[in-house]
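Colleague: based on what follows, work out the 3D shape:
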Amino acid sequence: MSRLDMTSPKVDVFQAIADPTRRKLLRLIDDREMAVTAISGHFPISRTAVSKHLRILADAGLVKERKVGRETRYRFEPEPLLELKRWLAYFDRFWDNKLSVLQHYVESDGSASTPSPARLQASTDKEKKE
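Modeller: Below you'll find the predicted structure:
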(Lines give C-alpha, C1' and ligand atoms only; values in the text may rest on other atoms or scores of the structure.)
Protein backbone atom coordinates (compact mmCIF):
# COMPACT_ATOMS: atom_id res chain seq x y z
CA MET A 1 0.00 0.00 0.00
CA SER A 2 1.44 3.36 -0.94
CA ARG A 3 1.81 6.21 1.50
CA LEU A 4 -0.69 8.21 -0.55
CA ASP A 5 -3.36 5.55 -0.09
CA MET A 6 -4.31 6.00 3.56
CA THR A 7 -7.49 3.92 3.41
CA SER A 8 -7.26 0.44 4.80
CA PRO A 9 -7.73 -2.39 2.33
CA LYS A 10 -11.08 -4.12 2.33
CA VAL A 11 -11.04 -7.32 4.38
CA ASP A 12 -11.69 -10.51 2.47
CA VAL A 13 -14.99 -12.20 3.40
CA PHE A 14 -13.18 -15.50 3.91
CA GLN A 15 -10.77 -13.90 6.37
CA ALA A 16 -13.59 -12.12 8.17
CA ILE A 17 -15.56 -15.28 8.86
CA ALA A 18 -12.49 -17.39 9.64
CA ASP A 19 -12.63 -16.36 13.30
CA PRO A 20 -15.21 -18.21 15.46
CA THR A 21 -15.98 -15.07 17.47
CA ARG A 22 -16.89 -13.17 14.32
CA ARG A 23 -19.12 -16.02 13.16
CA LYS A 24 -20.90 -15.90 16.54
CA LEU A 25 -21.26 -12.13 16.18
CA LEU A 26 -22.95 -12.56 12.81
CA ARG A 27 -25.37 -15.14 14.22
CA LEU A 28 -26.18 -12.82 17.11
CA ILE A 29 -27.11 -9.85 14.91
CA ASP A 30 -28.53 -11.79 11.97
CA ASP A 31 -32.12 -10.75 12.66
CA ARG A 32 -31.79 -7.52 14.61
CA GLU A 33 -29.76 -4.37 14.95
CA MET A 34 -27.75 -4.15 18.17
CA ALA A 35 -25.52 -1.66 19.94
CA VAL A 36 -21.95 -2.68 20.72
CA THR A 37 -22.68 -2.58 24.45
CA ALA A 38 -25.52 -5.09 24.03
CA ILE A 39 -23.38 -7.27 21.77
CA SER A 40 -20.48 -7.22 24.24
CA GLY A 41 -22.67 -8.72 26.94
CA HIS A 42 -22.84 -11.95 24.95
CA PHE A 43 -19.08 -12.50 24.85
CA PRO A 44 -16.38 -13.16 27.47
CA ILE A 45 -14.12 -10.55 25.86
CA SER A 46 -13.81 -6.80 26.32
CA ARG A 47 -16.00 -4.29 24.52
CA THR A 48 -12.87 -3.07 22.74
CA ALA A 49 -12.20 -6.58 21.42
CA VAL A 50 -15.81 -6.89 20.25
CA SER A 51 -15.47 -3.51 18.51
CA LYS A 52 -12.36 -4.73 16.70
CA HIS A 53 -14.17 -7.82 15.49
CA LEU A 54 -17.09 -5.67 14.33
CA ARG A 55 -14.66 -3.40 12.47
CA ILE A 56 -13.26 -6.38 10.56
CA LEU A 57 -16.78 -7.53 9.69
CA ALA A 58 -17.69 -4.00 8.60
CA ASP A 59 -14.55 -3.77 6.43
CA ALA A 60 -15.64 -6.98 4.73
CA GLY A 61 -19.14 -5.54 4.20
CA LEU A 62 -20.79 -8.11 6.47
CA VAL A 63 -22.13 -5.58 8.97
CA LYS A 64 -23.38 -2.02 8.61
CA GLU A 65 -22.99 0.62 11.26
CA ARG A 66 -25.56 3.25 12.16
CA LYS A 67 -25.11 6.03 14.69
CA VAL A 68 -28.06 6.57 17.02
CA GLY A 69 -27.22 9.33 19.45
CA ARG A 70 -24.00 8.36 21.16
CA GLU A 71 -24.14 4.68 20.36
CA THR A 72 -23.28 2.77 17.23
CA ARG A 73 -25.64 0.02 16.19
CA TYR A 74 -24.71 -2.88 13.96
CA ARG A 75 -26.77 -5.01 11.62
CA PHE A 76 -25.92 -8.00 9.47
CA GLU A 77 -25.51 -7.61 5.71
CA PRO A 78 -25.61 -11.07 4.06
CA GLU A 79 -24.80 -10.06 0.45
CA PRO A 80 -21.01 -10.51 0.74
CA LEU A 81 -21.61 -14.13 1.75
CA LEU A 82 -22.79 -14.82 -1.81
CA GLU A 83 -19.12 -14.93 -2.81
CA LEU A 84 -18.59 -17.68 -0.25
CA LYS A 85 -21.72 -19.50 -1.40
CA ARG A 86 -20.55 -19.47 -5.03
CA TRP A 87 -17.13 -20.75 -4.02
CA LEU A 88 -18.59 -23.60 -1.97
CA ALA A 89 -21.08 -24.48 -4.73
CA TYR A 90 -18.15 -25.41 -6.94
CA PHE A 91 -17.24 -28.17 -4.47
CA ASP A 92 -20.78 -29.55 -4.17
CA ARG A 93 -20.13 -31.84 -7.11
CA PHE A 94 -17.46 -33.66 -5.10
CA TRP A 95 -19.89 -34.25 -2.23
CA ASP A 96 -22.60 -35.38 -4.64
CA ASN A 97 -20.20 -37.92 -6.12
CA LYS A 98 -19.20 -39.29 -2.71
CA LEU A 99 -22.84 -39.56 -1.64
CA SER A 100 -23.74 -41.38 -4.85
CA VAL A 101 -20.98 -43.89 -4.23
CA LEU A 102 -22.13 -44.38 -0.64
CA GLN A 103 -25.76 -44.76 -1.71
CA HIS A 104 -24.84 -47.40 -4.31
CA TYR A 105 -22.81 -49.31 -1.74
CA VAL A 106 -25.50 -49.17 0.96
CA GLU A 107 -28.30 -50.15 -1.40
CA SER A 108 -26.39 -53.09 -2.85
CA ASP A 109 -27.11 -56.55 -1.52
CA GLY A 110 -23.62 -56.90 -0.05
CA SER A 111 -22.70 -59.84 -2.27
CA ALA A 112 -19.09 -60.60 -3.19
CA SER A 113 -19.65 -59.17 -6.65
CA THR A 114 -20.51 -55.76 -5.20
CA PRO A 115 -17.54 -53.44 -5.65
CA SER A 116 -16.14 -51.71 -2.59
CA PRO A 117 -16.63 -47.96 -2.13
CA ALA A 118 -12.97 -47.46 -3.05
CA ARG A 119 -13.46 -49.33 -6.33
CA LEU A 120 -16.62 -47.40 -7.11
CA GLN A 121 -14.77 -44.15 -6.41
CA ALA A 122 -11.87 -45.19 -8.65
CA SER A 123 -14.25 -45.99 -11.51
CA THR A 124 -16.06 -42.68 -11.01
CA ASP A 125 -12.74 -40.83 -11.05
CA LYS A 126 -11.74 -42.66 -14.23
CA GLU A 127 -15.02 -41.64 -15.91
CA LYS A 128 -14.42 -38.00 -15.01
CA LYS A 129 -11.01 -38.04 -16.71
CA GLU A 130 -12.45 -39.43 -19.93
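Colleague: from the chain's centroid, how far away is stretch 36-43?
Modeller: 22 Å (CA atoms, centre = their mean, to the nearest Å).
Colleague: ok, and the closest non-adjacent residue to the residue nearest the centre of the chain?
Modeller: Centroid-nearest residue in the chain: residue 17, 5.6 Å away (criterion: CA atoms, centre = their mean). Residue nearest to residue 17 in three dimensions, not counting chain neighbours: residue 23, with 5.7 Å by CB to CB, 6 or more residues apart in numbering. Just so you know, the C-beta spots here come from the backbone N, C-alpha and C atoms, and that holds for glycine as well.
Colleague: does the one you found touch residue 13 like I think?
Modeller: No: contact criterion CB atoms under 8 Å: residue 23 and residue 13 do not qualify, at 11.9 Å.
Colleague: give me the common contacts of the two.
Modeller: The overlap between the contact sets of residue 23 and residue 13 (CB atoms under 8 Å, 6 or more residues apart in numbering) is empty.
Colleague: ok, the two, which is more surrounded?
Modeller: Neighbours per residue (other CB atoms under 10 Å) separate residue 23 from residue 13, with residue 13 holding more: 19 against 13.
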